[in-house]
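Peer 1: Okay, sequence plus prediction incoming.
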Amino acid sequence: MKALVLTGKKQLEIEDIKEPEIKPDEVLIHTAYAGICGTDKALYAGLPGSASAVPPIVLGHENSGVVTKVGSEVTNVKPGDRVTVDPNIYCGQCKYCRTQRPELCEHLDAVGVTRNGGFEEYFAAPAKVVYPIPDDVSLKAAAVVEPISCAMHGVDLLETHPYQKALVLGDGFEGQLFAQILKARGIHEVTLAGRSDEKLENNRKHFGVKTINTTKEEIPADAYDIVVEAVGLPATQEQALAAAARGAQVLMFGVGNPDDKFSVNTYDVFQKQLTIQGAFINPYTFEDSIALLSSGVVDPLPLFSHELDLDGVEDFVSGKLGKVSKAVVKVGGEEA
């Protein structure tokens, strides 16, 4: 079968590899679509994602497809089911798994990171991380349940109320998803701040959020009850703290360079009584994320800008492909 294999740092090769054999608790999936994101860029460059990817490995941790085979112990899905896959596989035995914090698992395994993922025609996954999708959710939309679920986990860590004003810093795909999910939580005013007029206009048109183009406008100081930083740069992390009102919650979601640091005014944290919260991956948020898609409250499709094939993935991860809101890879199979 055809697969896009990460063979080394900044090295991707199309190879013909053997179709995976499944274990009794696993499922074989014919890949339909695989989302591609900043984590794939990091893994391509030799940096860690949720874990380190050791070549040779097939990336693709955001994916959807149709079940073709199930192991003898599998009861939750059957051949022919349309599914999406939570890539993160927890050990269930470390202190974090045993204290209801599986996202901090000491032995995290991940489809498309530590084991082969969706950039191949067929991939295997444990049945416990395979989720059927309803008929009203397309396979293309289902390919991005994983990034939706990561934003869901971040919002779950916040205390939300309708009276609040929220700011999302960053108009990348995750930032745009946060704006939708915060509105779905009933927050009466959500502002998306970014640098792309096209993206900002798209979000005003489709989702009714307020917008700030940070290349032309200043972000108000001390103004927001919730601030989500979805960029991962020291400058925007400092902007997030400056924009926070008294009693605000600041969610540091953007993935920074491992060596980056940002400055914090400790008196502001004290005097404004700020809560600064990190958010890592997506524990047990797939059911909620699928429900948001099914209800239409969250709609990622207007955010998609590029549909690629496997040969086009390297153009994205190498940075050659510009003006991307969200790229998905059509791997195989027919839309259902």
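Peer 2: Happy to help now that I have it.
Peer 1: For the stretch 1-150 of the chain, which segments are assigned as strands?
Peer 2: Remark: strands assigned in the stretch 1-150 of the chain by DSSP state E, counting those that start in this stretch are 2-8, 11-16, 26-36, 62-70, 82-85, 88-89, 109-110, 122-126, 130-132.
Peer 1: what's the closest of those strands to Gly247?
Peer 2: Among those, the nearest to Gly247 by CB to CB is strand 88-89 (32.4 Å). In this view, the C-beta of every residue, glycine as well, is placed from N, C-alpha and C.
Peer 1: How far away from the center of its chain is that closest one?
Peer 2: Put simply, strand 88-89 sits 14 Å off its chain's centre (CA atoms, centre = their mean, to the nearest Å).
Peer 1: Can you add mean pLDDT and distance to Lys140 and give the strands of the stretch 1-150 of the chain back as TSV?
Peer 2: Shown next, in TSV, are the strands of the stretch 1-150 of the chain (pLDDT from 0 to 100; distance: least, CB to CB, whole Å):
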stretch	mean pLDDT	distance to Lys140
strand 2-8	97	19
strand 11-16	97	22
strand 26-36	98	5
strand 62-70	98	8
strand 82-85	98	11
strand 88-89	97	22
strand 109-110	97	22
strand 122-126	98	17
strand 130-132	98	16
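Peer 1: Of all these, which one is nearest Lys330?
Peer 2: For Lys330, the closest of the strands of the stretch 1-150 of the chain is strand 26-36, at 5.8 Å, according to CB to CB.
Peer 1: so what does that closest one touch, helix or strand wise?
Peer 2: Other helices and strands packing on strand 26-36, by 3 or more CB pairs under 8 Å, 6 or more residues apart in numbering; DSSP states H and E, are strand 62-70, strand 82-85, strand 122-126, helix 139-142, helix 313-317, strand 327-330.
Peer 1: tell me the contacts of Glu159?
Peer 2: Gln249 (CB atoms under 8 Å, 6 or more residues apart in numbering).
Peer 1: What residues does the most centrally placed residue in the chain make contact with?
Peer 2: The residue lying closest to the centre of the chain (CA atoms, centre = their mean) is Pro147, at 2.1 Å. Remark: with contacts taken as CB under 8 Å, 6+ apart, Pro147 is in contact with Gly35, Cys37, Glu62, Phe173, Glu174, Leu177.
Peer 1: Give me the buried positions along the helix or strand of the chain with the lowest mean pLDDT.
Peer 2: Least confident element among the helices and strands of the chain, by mean pLDDT, DSSP states H and E: helix 38-44 (a mean of 93). For helix 38-44, burial by neighbour count (16 or more other CB atoms under 10 Å) applies to Gly38, Thr39, Asp40, Ala42, Leu43, Tyr44.
Peer 1: Ser318 versus the first one, what's the distance?
Peer 2: For Gly38, the distance to Ser318 under the criterion CB to CB, to the nearest Å works out to 13 Å.
Peer 1: again with the last one
Peer 2: Remark: distance between Tyr44 and Ser318 (CB to CB) = 7 Å.
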